[in-house]
Each structure stands twice: as C-alpha cells, then as structure tokens.
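K.L.:
Fold the following and give me the result.
(one chain, ligands or ions: 1)
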Amino acid sequence: MIGCGYLGAVHAACMAGLGHDVVGVDVDEGKVAALQSAAAPFYEPGLNELLADIQAGGTSGGATSGSLRFTTDLGQIAGARAHFVCVGTPQRRGENAADLRYVDAAFASAAAHLAPGDLIIGKSTVPVGTARRLAEDLHRTAPEARLVWNPEFLREGHAVTDTLHPDRLVYGIPDDPDRDATAAVLDEIYAAPLAGGSARLITDYPTAELVKTAANSFLATKISFINAMAELCEAAGADVTELADAIGLDDRIGRKFLNAGLGFGGGCLPKDIRAFMARAGELGADQALTFLREVDAINMRRRIRMVELAREVCDGSFLGQKIAVLGAAFKPESDDVRDSPALNVAAQIQLQGGNVVVTDPKALANAEHRFPDLQYEEDLETALTGADAVLLLTEWTQFTGLDPEATGALVRTRRILDGRNVLTPATWRAAGWTYRALGRP
Ligand code: UGA
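P.N.:
Numbers count the residues shown, from 1 in each chain. Okay, here's the model as predicted:
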C-alpha cells in the first residue's frame, strides 16, 4: 500500500484483516510509527481496533488476519504481487485542477521495485486519462508489470465497513489478452467482499476513472439540488425537510443525500467536482459540466446564508456576542476539517466581530492547526455557557441529542441555529428558544 492516509491506512488494515500480507509505505515517519503501534493518526471508527486485532492475529475481517506492517522504506514493496497506490490528489493551489505530483511520484518510484507480472493498482481519485498516461510510462520503466485502475468509494466515518463490504468493485483493465488473468488476481484479493455479494465490473481505464468522479459529482449535485430547494423553501415559507421526505419516497429519487443544510465539504466532493470541470475543459467537453459550477456555487452560498441568518438572529450584529459553534469536522464521526463548512462559518462570524467558541468531540486539534486564531473548547457545557447564540453545524450525536431545557440553563440567550436540520423545531420552541434553520420556516 503506497500512501497511508485516510484511504491507504484503512485499505491496508482491511486487506490484512481479510488475510493478506500487507506492507504500508508512507513518507511521513510519524504516521508510520502511529499506525505501527495501532494508533491511527486520524479518527476513523473501528480502525484502531482492527489494527490491534491484526497485530494480535485476530479475525475481525471475517478471516484469519494476514500480516501488516508499516514502513517509510519504499524498497519494502519488493516481493509483493499487488501494489496499491493510495496517495492524495489535492486541488492545485490557485486552480481547479487536481495536483497529480504525488501520484506521479508514487508510480515513478514504485516502478523500480516491480517484478514481472506484478500488479500496480491505482486507487487515488484522478482526472480521466491519467491511467492511460501512467501505463505508457510504465511500459518504458517496468514493461512486465500491469496497471489496473480500481477506484475507491469509501466514506470517511464508515471507511472500515465500506472497504470490507463495498457496493461495487470496479476494475479498470485494458481489453488485452492478459485481462482475465489480471482480473483473477483482483478477485483473489477481494474474495471475501465478492463472496459477500459486492458487485464487480470490469471496464477500460477511462471508464473506471470516470465512475469515481461521476459518482462524487452526482452526490454533490443531489446535495446542492436539495439546498437549492431550501433556498426556494425559505422564499416561499415552506419546509425543505418535509419536502425531502416526500420526494425521497419516490424510489427513483430516494431519500439518501437529500439532507439540506450547510452543504458538503471535506477532502473529496469539493475538489473532485472542480477537478472534473477542469478536466472536461482540457478535453474540450466543458459545456457538459457547466452545471457543476452551479452545484459548487449553491453549496458555497449556504455558508454565507448561515452567517446572515445567525446575524439576523443576533439582532443584526455579532459584536459583543458569544457564539457557540457546535462542530468543526466536515461531517460527524470524522476528525477531518478539510474544507469544513462549520469552520468556514465560524471564521466568518469571528471576522465579523463575534466572540466565537468552537467545540467538537474529535476534530479540535486539526481545526486549531488550520484556523489557529479561532477559540476552541473541548468541554461542550463550557462552550455553551453564556452563549448568545448556539450554531449546530456538524451533526454529532452529542449535539443532536442536546436537551433544550438543560442547554437553556447554560446559555445567556435561547437562540439556536440548526445548520443540519436535525433538531425538532417544536421541542426547542416549546422550551422558549428562537429556532432557525436553512430552508425551514
Ligand atoms: C465522499 C463519497 O461519499 C464517497 O463515496 C467517496 O469515496 C469519497 O467522497 C471520496 O471521494 O473519497 P466523504 O467525503 O467521506 O465521501 O463524505 P460524504 O458522506 O459523501 O459527505 C460529504 C459532505 O456532504 C459532508 O460535508 C456532509 O455533511 C455533506 N452532506 C451529505 C450533506 O450536506 N447532505 C447530505 O444529505 C449528505
């Protein structure tokens, strides 16, 4: 496993859990040391338990565990039959396109250690056309190795389950005489999920790459669609959560990913739709994806609207007001703060003179690193004490389960803004709170 971030570390642990012998390689010594001692450098439910179980020779993956070790020495990949590339593809600074330098470097340095017949398997999210280009390079540097594109669909917060029980496995393999033999190696690697019913599709490289970006674009579009409806609901005095429930009952539409609120963030959806637009432009197909610009714009507007709504509730100004922000992670069950809508809102309010205090069960260290000027408080009660307004921006159960009476006894003014539409307005209003949300009357 080359690259041991959110994707690679989870994939390494899960593959070892399924009985394979895995070596995880990363350039970051701290990360390697942490993983080696079964303490992942990020929060992902079930991951540390799985790492510890493998070290103890356990069976959490459903089979007797294989072996798992982590190293900074890339030379240790020699002897493996399958080499997964799991490095990041962040957004390029000042541009929409993806930064492929880590992918390119991983392939270039791995090539020297590949033996004839080895598979090198790309998992990183890349612009369509990357696999074909990498295969051409590989043809020169390691002609007897074979390249597969095998995109990953795991969600942070559910990464272990998603990896052990994926909906589908996509193998991007060129249609040549080696295709079946190559697919057979992947089938062996993924024998347990396949036996458990995961679907398996074999495609060419560009289709495999597009499956990933198309899936993330569809999810982002679904979220922005319901958030556009939320804008309309606000204008018309309707309730977007009831609207979502009603349209979601049509199983052609479905209720999942129709939660209106502060919108999407994280290390994937925002940068993936932008990189997709940039790539479409390079391919001369930019018109096909202009709607994604609107998807992005709707999403960004939600953050601005949230700040406006909060200011309105605070009688037109944040000056001298204590604002308790519940949530720093981009979503619950994660400590990831990349493009976190919650932190974006917190920072805007602070810039407008609010005395902002941010609390989160897991993400405060990462948040502090990214936004060092914000004030953070680990203890939820302390964060709430004396607040003039409470903003629920990431739907951790610690926050969604708050009791209006007990919370009311802590704050100075009973004002709550439900950025994720997860509270019952009537209950809060009955306890004397001013309740406001995006897309609800
Ligand atoms: C996303 C995809 O869901 C995964 O399938 C994909 O593998 C991953 O990106 C990736 O490319 O690596 P993830 O970023 O972990 O996974 O998070 P999601 O669960 O998709 O949530 C993304 C954002 O959308 C969060 O900020 C969440 O709060 C927001 N969201 C989600 C909504 O605002 N409304 C919803 O109804 C659902």
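K.L.:
Count the residues that sit near the residue of the stretch 1-150 of the chain at minimum distance from the ligand.
P.N.:
As assessed by CB to the nearest ligand atom, the ligand sits closest to T125 within the stretch 1-150 of the chain, at 5.5 Å. For the C-beta atoms, the positions are set from N, CA and C on the backbone; glycine is no exception. Residue neighbour count, defined by other CB atoms under 10 Å, stands at 23 for T125.
K.L.:
One more: G432?
P.N.:
G432, neighbours per other CB under 10 Å, totals 10.
K.L.:
on that earlier part again, the residue of the stretch 1-150 of the chain closest to the ligand contacts T213, correct?
P.N.:
Yes. Using CB atoms under 8 Å, T125 is in contact with T213, at 6.8 Å.
K.L.:
intersection of neighbour lists for the two?
P.N.:
272, 275 (CB atoms under 8 Å, 6 or more residues apart in numbering).
K.L.:
can you tell me how far L438 sits from I298?
P.N.:
Distance, L438 to I298, using CB to CB, to the nearest Å: 12 Å.
K.L.:
quick revisit: contact partners for the residue of the stretch 1-150 of the chain closest to the ligand?
P.N.:
Counted by CB under 8 Å, 6+ apart, T125 has contacts 89, 98, 151-152, 212-213, 216, 268, 272, 275.
K.L.:
Get me the contact residues on the stretch 1-150 of the chain for the ligand.
P.N.:
For the stretch 1-150 of the chain, the residues in contact with the ligand (CB under 6 Å from any ligand atom) are T125.
K.L.:
quick one: the strands in the stretch 1-150 of the chain?
P.N.:
22-25, 68-71, 82-85, 119-122, 146-149 (DSSP state E, counting those that start in this stretch).
K.L.:
How many neighbouring residues does R168 have?
P.N.:
Quick note: R168 (other CB under 10 Å) scores 13 neighbours.
K.L.:
One more: I349?
P.N.:
24.
K.L.:
Show me what the host helix or strand of it packs onto, helices and strands only.
P.N.:
Taking DSSP states H and E as the criterion, I349 maps to helix 341-351. Packing partners of helix 341-351 (3 or more CB pairs under 8 Å, 6 or more residues apart in numbering; DSSP states H and E): helix 290-313, strand 322-326, strand 355-359, strand 389-392.
K.L.:
Kindly recompute the last result at 7 Å.
P.N.:
helix 290-313, strand 322-326, strand 355-359 (3 or more CB pairs under 7 Å, 6 or more residues apart in numbering; DSSP states H and E).
K.L.:
ok, so what distance separates the residue lying closest to T413 once chain neighbours are set aside from the ligand?
P.N.:
Counting by CB to CB, 6 or more residues apart in numbering, T413 lies nearest to D388, which is 4.8 Å off, once chain neighbours are set aside. In this view, D388 and the ligand are 26 Å apart by CB to the nearest ligand atom, to the nearest Å.
K.L.:
D388 contacts I416, correct?
P.N.:
No. Counting by CB atoms under 7 Å, D388 does not reach I416; the two are 11.3 Å apart.
K.L.:
Between those two, which has more neighbouring residues?
P.N.:
I416 (27 against 20).
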